[in-house]
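Student: Predicted model follows, preceded by the sequence.
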Amino acid sequence: AQSVTQLGSHVSVSEGALVLLRCNYSSSVPPYLFWYVQYPNQGLQLLLKYTSAATLVKGINGFEAEFKKSETSFHLTKPSAHMSDAAEYFCAVRATDSWGKLQFGAGTQVVVTP
Amino acid sequence: DTGVSQDPRHKITKRGQNVTFRCDPISEHNRLYWYRQTLGQGPEFLTYFQNEAQLEKSRLLSDRFSAERPKGSFSTLEIQRTEQGDSAMYLCASSLGTGSQETQYFGPGTRLLVL
């Protein structure tokens, strides 16, 4: 069985500051990993995904994430926060040997202050 | 590519009533997923279709829930005899491809409130 844990249900960052959202997974083999963003009253939008190619993955809107097998982590970062980054972020995992069911973390709400 | 669409976007119903939601996937996407998202939680998997075949159902999907995907195009999710605990956002996603090539694209969701 696999699972994903997001550390911190709420994160507050100043505009222009580093955004760091933490995600740890539990899986017997390295899975596929995803970060999605959800704006209020909207569905989920894919930010980036890791599929066993490069360990540093670049996504949309200036976000990137690094897969670290030794730490079973897939943390999401953005060097400089923008007001438009205020949203909820979800880390998700999918087993590589199965079809596409995603298992999501509980989410991290990001607030950006001026 | 018009994206995944869902209808209605919002639904308020009284306990005991039946409701039906519709999802239109991205054209030619052969896989379709339903998830449920309660307040403060991540989405949880409900069921999955490949073309018209329903291949897996979560234990969350009680006997009051039924999903269909006739002709492998749009899908419907019906909840019979709704309960207050059914209040949630119901998300639909579609995808094409397999393995590392598969990416799920989500619709805007249907928010259900059971009074």
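Tutor: It's in.
Student: Which SSE is immediately downstream of the one helix or strand residue B:89 maps to?
Tutor: Using DSSP states H and E, residue B:89 sits within strand B:88-95. Of the helices and strands lying after strand B:88-95 in sequence (DSSP H and E), the nearest is strand B:105-106.
Student: For chain B, what's the nearest residue on chain A?
Tutor: Residue of chain A nearest chain B, by CB to the nearest CB: residue A:104 (3.1 Å). Heads up, the C-betas are built off the backbone N, CA and C, glycines and all.
Student: What's the end-to-end length of stretch B:5-18?
Tutor: Its start and end residues considered, stretch B:5-18 measures 21 Å (CA to CA, to the nearest Å).
Student: same thing with stretch B:29-40?
Tutor: With CA to CA as the measure, stretch B:29-40 spans 29 Å from end to end.
Student: model confidence over that stretch, on average?
Tutor: For stretch B:29-40, mean pLDDT is 93.
Student: How about stretch A:20-31?
Tutor: Throughout stretch A:20-31, pLDDT has a mean value of 88.
Student: repeat for stretch B:58-67
Tutor: The average pLDDT within stretch B:58-67 is 91.
Student: what comes into contact with it?
Tutor: Stretch B:58-67 is contacted from outside by B:34, B:36, B:44-47, B:49, B:54, B:57, B:75-83, using CB atoms under 8 Å, 6 or more residues apart in numbering or on different chains.
Student: burial measure for the residue of chain A closest to chain B, as a count.
Tutor: When counting by other CB atoms under 10 Å in any protein chain shown, one arrives at 22 neighbours for residue A:104.
Student: so what's it bridging to?
Tutor: For residue A:104, the beta-bridge partners are residue A:92 (DSSP bridges).
Student: Could you pull up the residues touching it?
Tutor: A:4, A:36, A:90, A:91, A:92, B:42, B:43, B:44.
Student: Let's see that with 7 Å instead.
Tutor: Applying CB atoms under 7 Å, 6 or more residues apart in numbering or on different chains to residue A:104 gives the contacts A:4, A:90, A:92, B:42, B:43.
Student: The spatially most central residue of chain B pairs with what?
Tutor: Nearest to the mean C-alpha position of chain B, counting by CA atoms, centre = their mean, stands residue B:34 at 3.2 Å. Using DSSP bridges, the beta-bridge partners of residue B:34 come out as residue B:47, residue B:92.
Student: can you list contacts of the least confident helix or strand in chain B by mean pLDDT?
Tutor: None of the helices or strands of chain B scores lower by mean pLDDT, DSSP states H and E than strand B:53-57, at a mean of 90. The list of residues contacting strand B:53-57 from outside it, by CB under 7 Å, 6+ apart, reads B:47, B:48, B:49, B:67.
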